[in-house]
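Enquirer: predicted model and sequence below, questions to follow.
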Number of protein chains: 2
Amino acid sequence: MIPNEVDLAEEFGCARATVNRALRELARSGVIDRRRKAGTRVALNPVRRATLEIPVIRQEVEGRGGTYGYALLSREIVSSPADMSDLAAWPEDAHVLHVRALHLSDGRPYAHEDRWVNLEVAPEIEGADLGEVSANEWLVRNVSYSRGRIVLSAGAADARIAEVLGCESGAPVFQIERTTWLHETPITWVRLSYPASHRLSTSI
Amino acid sequence: MIPNEVDLAEEFGCARATVNRALRELARSGVIDRRRKAGTRVALNPVRRATLEIPVIRQEVEGRGGTYGYALLSREIVSSPADMSDLAAWPEDAHVLHVRALHLSDGRPYAHEDRWVNLEVAPEIEGADLGEVSANEWLVRNVSYSRGRIVLSAGAADARIAEVLGCESGAPVFQIERTTWLHETPITWVRLSYPASHRLSTSI
DNA sequence: AAGTGGTCTAGACCACTGT
DNA sequence: CAGTGGTCTAGACCACTTC
């Protein structure tokens, strides 16, 4: 148990607002638990919170010192989207853009992108030249979202992904799935598949 | 470009401190970039920041509605630690505790833990009954750290891990590696290996 | 009902950095 | 050098939650 804000302010000779800000940031990082009336306690089970930064892939590659490259593998508009676990709310009869692409670093395969875009929300992407600008970057620059969900997992490369990534079929791949919504409307679902050598790191 | 804090405060009829806090939080979430003298801009390339919560595995299992179980697989003290990529600073001649354990959910394999602990920093763990309390929980409760590093990746299960996780050797596993330091001294390095069905998710 | 954190105000000084 | 954000102060009211 930690003294309340008024007492701490007196003890350290500063204003209560300063104590409040310090404790608020400690609470956000998971070190302490705060509840009104109940007070502030050192967290019984400190939850390590780590912040992952998810940049546009171009920047991810360039940030690692590589030269970015990009190739559009396929592009089609379908009227009945495949089943995607996360998208129960995906409109049943909506037109959907399905794009597959390969991101490269120094000419070598870096990540495979498998993306579905709701054309009800972002119809302008139909006219975009996705051979030049990846759907990833086009969406970041042109469509805003209100919330998203990220799922990290490991999986086995299927034949198509193995071919473009240059690994064996069934080899481990690192997968990042991301769904974004504008309010309750899904905008896009994407799965990025990286070779097993990929590392996603963060500090705490 | 966004107006400066004084102007925004006037525009919205509130105090500058309130504007500052709002913009500070937007900057933390990556939506805007702020620099003194240069001002505040909408981020050119918005970096999605997602916060991963890394709880003790017991809580992770219980939070998913499972009943937690735990089994110590091996425990040994070695004087020359294996090479661990992240631990160049690992003391050359230090005694190190090496623990392997299996975490269970509803009796089924949940994750394999492969951990090395620096006994110079945490000698008391030598006397702990790691058959009862996992090294994970023991360390969280008994040793503080100043910083850590987390690396997420996919890998192939080796024979020993495949056996305890109940998958094929070479099957994809999701790996979380974590290193913690107290100042410049490494405390522990751990690799958690999860079956490919594992999902680590977060919201933005 | 009372104590705690959550938030806001109005004002001040400072640190950094672009010009 | 000047403009911007970064931080702090002293005070106030409020919202929530436990007692």
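Expert: The structure has been received and is ready for your questions.
Enquirer: strand partners of the helix or strand bottoming out on mean pLDDT in chain A, parallel vs antiparallel please.
Expert: The helix or strand of chain A with the poorest confidence is strand A:48-54; it has a mean of 81 (mean pLDDT, DSSP states H and E). Sheet pairing of strand A:48-54 (DSSP bridges) gives strand B:48-54 (antiparallel).
Enquirer: does chain A have contacts with the helix or strand just after the partner strand?
Expert: Downstream of strand B:48-54, the next assigned helix or strand under DSSP states H and E is helix B:57-63. Yes: if you take C-beta under 8 Å from any C-beta of the partner chain as the test, helix B:57-63 does meet chain A, through residue B:59. Every C-beta, even on glycine, is put in place using the N, C-alpha and C of the backbone.
Enquirer: wait, residue A:4 sits on residue A:37?
Expert: No: counting by C-beta atoms under 8 Å, residue A:4 stays clear of residue A:37, with 10.3 Å between them.
Enquirer: so these two - more neighbours on which side?
Expert: Taking other C-beta atoms under 10 Å in any protein chain shown, residue A:4 and residue A:37 do not tie; residue A:4 has more neighbours (13 against 4).
Enquirer: contacting residues around the more buried one?
Expert: A:39-40 (C-beta atoms under 8 Å, 6 or more residues apart in numbering or on different chains).
Enquirer: what ranges do the helices span in chain A?
Expert: Assigned by DSSP state H, chain A shows helices spanning A:5-12, A:16-29, A:57-63, A:135-142, A:159-165.
Enquirer: now the least confident helix or strand of chain A: how far from the chain's centre is it?
Expert: 11 Å (C-alpha atoms, centre = their mean, to the nearest Å).
Enquirer: stretch A:98-108 too?
Expert: Worked out by C-alpha atoms, centre = their mean, stretch A:98-108 lies 18 Å from the chain centre.
Enquirer: what about it, near chain B?
Expert: No: Stretch A:98-108 stays out of contact with chain B when judged by C-beta under 8 Å from any C-beta, the minimum separation being 15.3 Å.
Enquirer: ok, stretch A:155-172 next?
Expert: Yes: counting by C-beta under 8 Å from any C-beta, chain B has neighbours in stretch A:155-172: A:155-156, A:171-172.
Enquirer: return the closest of these with respect to chain B.
Expert: Nearest to chain B out of those is residue A:172 (C-beta to the nearest C-beta; 3.7 Å).
Enquirer: find the nearest non-adjacent residue to the closest one, please.
Expert: residue B:172 (3.7 Å; C-beta to C-beta, 6 or more residues apart in numbering or on different chains).
Enquirer: which residue packs closest to residue A:3, ignoring adjacent ones?
Expert: The nearest residue in space to residue A:3 (C-beta to C-beta, 6+ apart) is residue A:11, at 6.9 Å.
Enquirer: which residues touch the least confident helix or strand of chain A?
Expert: Contacts of strand A:48-54 (C-beta under 8 Å, 6+ apart): A:28-30, A:150, A:176, A:178, A:200, A:202-204, B:30, B:47-55, B:148, B:150, B:202, B:204.
Enquirer: identify the bridge partners of the residue nearest to residue A:172.
Expert: Bridge pairing for residue B:172 - DSSP bridges - gives residue B:156.
Enquirer: could you do the one 5 residues further on as well?
Expert: On DSSP bridges, the residues paired with residue B:177 through beta bridges are residue B:151, residue B:191.
Enquirer: what's the answer for residue A:71, then?
Expert: In beta-bridge terms (that is, DSSP bridges), residue A:71 pairs with residue A:102.
Enquirer: burial measure for residue A:139, as a count.
Expert: Residue A:139 is flanked by 22 other residues according to other C-beta under 10 Å.
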